[in-house]
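Chemist: Turn this into a structure:
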Amino acid sequence: MQKKVLTEQALYYGDVAMPKNWDIDRDKLQSDILKSQITDSPFPFSKKFDMLNTYLREHIHLEYNFTLINKKMWGNIYKPSETTIPLLNIDPVDLRNSPDYTLLYGVKVKDCFVRIYYEDNRRKGRSWDLELKDNMFIMFPSTNMYYLTNNQKDSLNFVQTITYEYI
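Modeler: Here you go, the predicted model:
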């Protein structure tokens, strides 16, 4: 008897453990998210963002042996007690140009939860819940629908989103 895995859906998550003296300036990222939201402009490229993005892509490459290139990046601000609409980062009529992976990074978050929907053969509508914390990332296939919930009533949550193409 033999077994062949035809497909696998992996979820990657964990803390961003930068080398000593190379900490991510989350205040700068928070400021960039706020600025891009207020001015309705694209998320600005910065050295601090590049440090985070490079660390994430290289860590994934070394740990799991696949290469990612950036598609899009943006930041969102979530109000207290806000739950997003279900989010999907692919275009179903243009899958060729859609991203392969979505990465969420907790810039400044408190009581923030991510629910990711997936299918397990005929078991449809399954979901996985994860708490997104400060300096933590969650990466999953962009074909998975997801939503975020800000469960606390005190402050805004700032989340950085990066989509990648798998090469």
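Chemist: Please enumerate the strands of this protein.
Modeler: 12-15, 68-78, 101-108, 112-120, 123-132, 136-141, 146-150, 157-166 (DSSP state E).
Chemist: Check which helices and strands the fourth one sits against.
Modeler: This points to strand 112-120. Applying 3 or more CB pairs under 8 Å, 6 or more residues apart in numbering; DSSP states H and E, one finds that strand 112-120 makes contact with strand 123-132, strand 136-141, strand 146-150. Every residue, glycine included, has its C-beta placed from N, CA and C.
Chemist: Those: which one's closest to Leu56?
Modeler: strand 136-141 (6.3 Å; CB to CB).
Chemist: what pairs with that closest one, and is each one parallel or antiparallel?
Modeler: strand 12-15 (antiparallel), strand 101-108 (antiparallel) (DSSP bridges).
Chemist: Mind checking those for the one nearest to Ser81?
Modeler: Judging those by CB to CB, what sits closest to Ser81 is strand 101-108, at 16.8 Å.
Chemist: close enough to count as contact, Lys79 and Leu156?
Modeler: Yes - contact criterion CB atoms under 8 Å: Lys79 and Leu156 qualify, at 6.3 Å.
Chemist: ok, those two, which is more surrounded?
Modeler: Leu156 (18 against 10; other CB atoms under 10 Å).
Chemist: wait, what's in contact with the closest residue to that one other than its chain neighbours?
Modeler: For Leu156, ignoring the flanking residues on the chain, the nearest one in space by CB to CB, 6 or more residues apart in numbering is Ile77 at 5.2 Å. Residues counted as contacts of Ile77 (CB atoms under 8 Å, 6 or more residues apart in numbering) are Ile33, Leu34, Gln37, Leu156, Asn157, Phe158.
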